[in-house]
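# need coordinates for the following:
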Amino acid sequence: MLQSEAELAEMSRIAADNGIEVSLFVGPREEWDTGRAAASADGGMFAGRLRGTRQLRYAVDDILRASEQGIRGFLIADPGLLQLVSEMQAAGQLPASIVWKVSAVLAPSNPLAFGVLERLGGSTVNVPSDLTLGQIAEMRAVSELPIDLYVETPDAMGGVVRGHEAADLIAVAAPMYVKFGLRNSRLLYPSGLHLAADATAIAREKVRRAQIALEWIARSGLALCQSGPGAPGLGIPEPTR
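Numbers count the residues shown, from 1 in each chain. I've put the predicted structure just below:
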C-alpha cells in the first residue's frame, strides 16, 4: 500500500523479465493501526491481523490495486482475509494466477493448524523457524503445499540461524522455499528512500547468506533439486504494460 502504481508496474516488469516472484505483504495491519494491542509485550501475535471490516476493505483494495499492475503474489497474515480473497479468486473477481503466501506472522506450529490454512486457500505456508525436523515432517505428512521456512530470522522473530541445516530441512520439507531474514540488523518496515542505504546493504547480506547456504547444501552430498526462474507455482507478475 506504500508503493506507487508506477513502482508496482516497474517491479512487475523487472520480475516478469527474469521469471522471479514478487510477493507483497498486504496492508494495512494492526501493528500500524490506532489500536495498541499489537504494541504490547504479548501483542506480537496480533501484528498482521486486520481490525474490522474497514481494514478488510482496505486490504482487498490493496490487492486489487497491485494486481491491476500485474502483481501475482501476496503475503497474507489474517485468516479472514485469506478466506475472503480465496473466495473472490474462485468467483473470478481476482486473477486465477495469484499466489497466496501465508505469512510467518500466522505460522502454524502443528499439522492440524497447517491444514486449516490450506483449506482457507493458502498456496504456500510459512512455518516457525525453530521447528524440529520431526515437527516439520509431521506437517509434510498431511499436505503437499510448499513450505516456507526462514533459515535465518531477524531478532524480532527469534534470531534463528540455521542455514547450515538447509539440506536436512529441504530433505524433510520439500517442496520448500528456503528464506533468509537477517539476524542483528535494524528493522526496515515501513521502508523508503530514507532507509535506502540500509535496505540495500541488508539485501546484499541476505544474498551472501544464501550463497553460503548453497555451499552447505552442496557439501551435504544429498541429491536435492533446486528450482529456477519461472518455476511452476511462483507468483510471477503479469505486467499490463
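# contacts for the helix or strand harbouring T200, please.
Secondary structure from DSSP states H and E places T200 in helix 196-220. Residues outside helix 196-220 that contact it (CB atoms under 8 Å, 6 or more residues apart in numbering): 151-152, 163-168, 170, 178, 180-182, 185-186, 188, 191, 224. In short, each C-beta sits where N, CA and C put it, glycine included.
# which residues in the chain form strands?
Listed in chain order, the strands found in the chain under DSSP state E are 24-25, 73-76, 99-102, 124-126, 147-152, 176-180.
# the second one pairs with which strands, and in what direction?
Right, strand 73-76. Using DSSP bridges, the strands paired with strand 73-76 in its sheet are strand 24-25 (parallel), strand 99-102 (parallel).
# would you mind finding the most buried of the ones you listed?
Burial of those is given as mean neighbour count (mean count of other CB atoms under 10 Å); strand 99-102 ranks first at a mean of 23.
# now this structure, which segments are flagged as low pLDDT?
For the chain, the stretches flagged by pLDDT under 70 are 30, 36, 38-46.
# so what's A9 closest to, chain neighbours aside?
Q69 (4.5 Å; CB to CB, 6 or more residues apart in numbering).
# again, but for P111
Nearest to P111 is V142, by CB to CB, 6+ apart, at 4.4 Å.
# distance of that neighbour from Q93?
According to CB to CB, to the nearest Å, V142 and Q93 sit 30 Å apart.
# next: D198.
38 Å.
# can you check I76 too?
Counting by CB to CB - I76 and Q93 are separated by 16 Å.
# of the two, which one has the most company?
Per other CB atoms under 10 Å, whichever of I76 and Q93 has more neighbours is I76, with 30 against 11.
# so what's the more buried one up against?
V26, L82, V85, W100, K101, V102, S103, L106, G122.
# for it, name its beta-bridge partners.
V102.
# next up, the contacts around the residue nearest to P111.
P111, L112, F114, G115.
# from the residues you listed, list the buried ones, please.
Buried members of those, scored by 16 or more other CB atoms under 10 Å, are P111, F114, G115.
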